[in-house]
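Chemist: below are the sequence and a predicted model for it; my questions follow.
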Amino acid sequence: MGLVVQKYGGSSVADAEGIKRVAKRIVDAKKTGHQVVVVVSAMGDTTDELIDLAGQVSPIPSGREFDMLLTAGERISMALLAMAIKNLGHEAQSFTGSQAGVITDSVHNKARIIDVTPGRIRTALDEGNIAIVAGFQGVSQEKKDITTLGRGGSDTTAVALAAALNAEVCEIYTDVDGVFTADPRVVKKARKIDRISFEDMLELASSGSKVLLHRCVEYARRYNIPIHVRSSFSGLQGTWVSNDSQGDRTVEQAIISGVAHDTSEAKITVVGVPDKPGEAAKIFRAIADNQINIDMVVQNVSAASTGLTDISFTLPKAEGRKAIDALEKTRSTVEFDSLRYDDQIAKISLVGAGMKTNPGVTAGFFEALSDAGVNIELISTSEIRISVVTRADEVDQAVRAVHTAFGLDSESDEAVVYGGTGR
Ligand code: ADP
Ligand code: ASP
Ligand code: MG
């Protein structure tokens, strides 16, 4: 029997009962003869509560202190989980990300893992322990400061450890039975996907299906670690994310894997930019120099009479203020008229590798939105994805309409949500 990495999300360890339930599951895995490494998230909505608390003492807290604060959430759950396991008569030791050898770069709040040196975890396992690791955190190689990996980052910790320890599988336990064709909180008739390729999962994750983090899937694909997403509340088989599903795609794989939505982004429009070479470069250089990731970009055709154009782009709401400040500072070199900030937007994406070879998917997508009375503001595509931006208050209705239009609705209501607040 080999080694398994199991990750339990916040909703699975929301209270003492949850921690005890999870401890039993972990002990069961150990009893089958596996070496077990567990990555755990902060209890329930602890991370959100810590963020709110920080906001009450400082509007823009320092990255270093913010990370120090947030990592406390995972420290609580890891220690409690180790205690609960010991209480069941099994040996367990908890480790912070730093102790577990999760080495990152120095970008606070969204650090990238650059190396994993799990010497202490190996030793703990060899001594017969279950190793519990705090998710979502590491230590910067350069400054030795504590870092966090960005929201949902425990998924990435789990896959990174699975890769470094050569695990058989990385199991991601959450509050739904797997990856569905849409968020089960929004679409009651969403269907569970049994197998999905890394490729489609990457697009779903980067389009807002927060059941798995994009970076975690990217990591798993690079090291070819199969991920099994399943519920910690039921005994059901979940969704396998791996390379294998590509082989049987032609027989089994639907044209469309699913519909994702994202309400975490905002839109900035730079109004009245001179339509000449170099202007867009200056605007996006200012954004990049502030470590802000952008998503969609659209530039309008300039009006012949003025030679001016508008450039719109989307970015995480959390970076909105920083981006506006950065753009204001470019005024001396880019002569734009004004800036518009809109955080009442949603992005809806249709994902599926089958769309490469099936004409009409884009038309069907737009028709479904139009039938639902939803207006499209921005459009972007990749080979296997189409995304649109709409008003935020239309998102649920739009997702359901698209899900139905592409024949994804299930007969039964199998999309159970066991816990969590959806926050
Ligand atoms: P955890 O606390 O376990 O990390 P998350 O809240 O990060 O859990 O992720 C699980 C949630 O992801 C589900 O409760 C569900 O609302 C949401 N979700 C969004 N899209 C999907 C999807 N396509 N399939 C399953 N869950 C999804
Ligand atoms: N606790 C962190 C968060 O809420 C990390 C995680 O849950 O993966 O984002
Ligand atoms: Mg998560």
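Modeler: Arrived safely. Ligands and ions are numbered 1, 2, ... in the order given.
Chemist: where does Val270 sit: helix, strand or coil?
Modeler: strand (DSSP: H, G, I helix; E, B strand; the rest coil).
Chemist: give me the beta-bridge partners of Phe180?
Modeler: Lys192 (DSSP bridges).
Chemist: ok, it to ligand 1 distance?
Modeler: From Phe180 across to ligand 1, the span is 4 Å (C-beta to the nearest ligand atom, to the nearest Å). Glycine gets a C-beta too; all of them are placed from N, C-alpha and C.
Chemist: quickly find the element holding the closest residue to Val102 other than its chain neighbours.
Modeler: Counting by C-beta to C-beta, 6 or more residues apart in numbering, Gly138 is the residue found nearest to Val102 once chain neighbours are left out, at 3.7 Å. Using DSSP states H and E, Gly138 sits in strand 137-140.
Chemist: what strands line up against whichever helix or strand comes after that strand, and which way round?
Modeler: Using DSSP H and E, the helix or strand that follows strand 137-140 towards the C-terminus is strand 146-148. Strand 146-148 has its sheet partners listed here by DSSP bridges as strand 137-140 (antiparallel).
Chemist: quick one: contacts of the strand it pairs with?
Modeler: With C-beta atoms under 8 Å, 6 or more residues apart in numbering as the test, strand 137-140 has contacts from 67, 70-71, 74, 96-98, 102-106, 111, 113, 145-149, 153, 157.
Chemist: for the record, mean pLDDT for that strand?
Modeler: Strand 137-140 carries an average pLDDT of 98.
Chemist: likewise for stretch 385-396?
Modeler: On average, stretch 385-396 scores 97.
Chemist: just the closest residue of the protein to ligand 3, please.
Modeler: Nearest to ligand 3, among the residues of the chain, is Gly152, at 4.1 Å (C-beta to the ion).
Chemist: can you tell me which residues contact the closest residue to that residue other than its chain neighbours?
Modeler: Nearest residue to Gly152 in three dimensions, chain neighbours excluded: Leu213, at 4.4 Å (C-beta to C-beta, 6+ apart). Applying C-beta under 8 Å, 6+ apart, we find Leu213 in contact with 150, 152-153, 155-156, 205.
Chemist: identify the bridge partners of the closest residue to Thr96 other than its chain neighbours.
Modeler: Counting by C-beta to C-beta, 6+ apart, Thr96 lies nearest to Ala134, which is 5.1 Å off, once chain neighbours are set aside. Taking DSSP bridges as the rule, Ala134 bridges to Val40.
Chemist: enumerate every residue touching Ala134.
Modeler: 39-40, 71, 74-75, 77-78, 94-97, 100, 157.
Chemist: give me the number of residues near Lys20?
Modeler: 16 (other C-beta atoms under 10 Å).
Chemist: that one and ligand 2, how far apart?
Modeler: 20 Å.
Chemist: helix or strand: which one has that residue?
Modeler: Using DSSP H and E, Lys20 falls in helix 16-31.
Chemist: which stretches of the stretch 201-350 of the chain have low pLDDT?
Modeler: 244-254 (pLDDT under 70).
Chemist: and the helices in it?
Modeler: All helices of the stretch 201-350 of the chain, identified by DSSP state H, counting those that start in this stretch, fall at 214-223, 249-252, 279-289, 320-328.
Chemist: let me know the angle separating the third one from helix 320-328.
Modeler: Compare the direction of helix 279-289 with that of helix 320-328 by axes from the mean of the first three to the mean of the last three C-alpha atoms, to 10 degrees and you get 140 degrees.
Chemist: please name every helix or strand in contact with helix 279-289.
Modeler: In terms of contacts (3 or more C-beta pairs under 8 Å, 6 or more residues apart in numbering; DSSP states H and E), helix 279-289 is packed against strand 265-274, strand 308-316, helix 320-328.
Chemist: recalculate using a threshold of 10 Å.
Modeler: Packing contacts for helix 279-289, counted by 3 or more C-beta pairs under 10 Å, 6 or more residues apart in numbering; DSSP states H and E, involve strand 265-274, strand 297-299, strand 308-316, helix 320-328.
Chemist: show me which residues of the first one are buried.
Modeler: By 16 or more other C-beta atoms under 10 Å, the buried positions in strand 265-274 come out as 265-270, 272-273.
Chemist: and what of stretch 74-85?
Modeler: Those buried within stretch 74-85 under the rule 16+ other C-beta under 10 Å are 74-75, 77-78, 80-82, 84-85.
Chemist: now the residues you listed in TSV, with distance to Thr47 and secondary structure?
Modeler: Formatted as TSV, the buried residues of stretch 74-85 follow (distance: C-beta to C-beta, whole Å; DSSP: H, G, I helix; E, B strand; the rest coil):
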residue	distance to Thr47	secondary structure
Glu74	9	helix
Arg75	12	helix
Ser77	11	helix
Met78	14	helix
Leu80	16	helix
Leu81	16	helix
Ala82	20	helix
Ala84	21	helix
Ile85	23	helix
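Chemist: which one of these sits closest to ligand 2?
Modeler: For the buried residues of stretch 74-85, the residue nearest ligand 2 by C-beta to the nearest ligand atom is Glu74; the value is 6.3 Å.
Chemist: re earlier: distance of the residue nearest to Gly152 from ligand 2?
Modeler: Taking C-beta to the nearest ligand atom, one finds Leu213 at 7 Å from ligand 2.
Chemist: try Ile324
Modeler: Ile324 is 25 Å from ligand 2, by C-beta to the nearest ligand atom.
Chemist: that residue: how many residues sit nearby?
Modeler: Ile324: 15 neighbours (other C-beta under 10 Å).
Chemist: isn't it up against Ile268?
Modeler: Yes: at 7.0 Å, Ile324 and Ile268 qualify as touching, with contact defined as C-beta atoms under 10 Å.
Chemist: who touches Ser302 in this structure?
Modeler: 272-276, 308-310 (C-beta atoms under 10 Å, 6 or more residues apart in numbering).
Chemist: among those, which pair sits farthest apart?
Modeler: Lys276 and Asp310 (14.6 Å; C-beta to C-beta).
Chemist: quick one: which of the two has more around it?
Modeler: Counting neighbours by other C-beta under 10 Å for Lys276 and for Asp310 shows that Asp310 has the greater number, 19 against 10.
Chemist: can you list the residues of this protein near ligand 1?
Modeler: Residues of the chain lying close to ligand 1 by C-beta under 6 Å from any ligand atom are 9-12, 41, 152, 174-176, 179-180, 182-185, 209-211, 258, 417, 420, 422.
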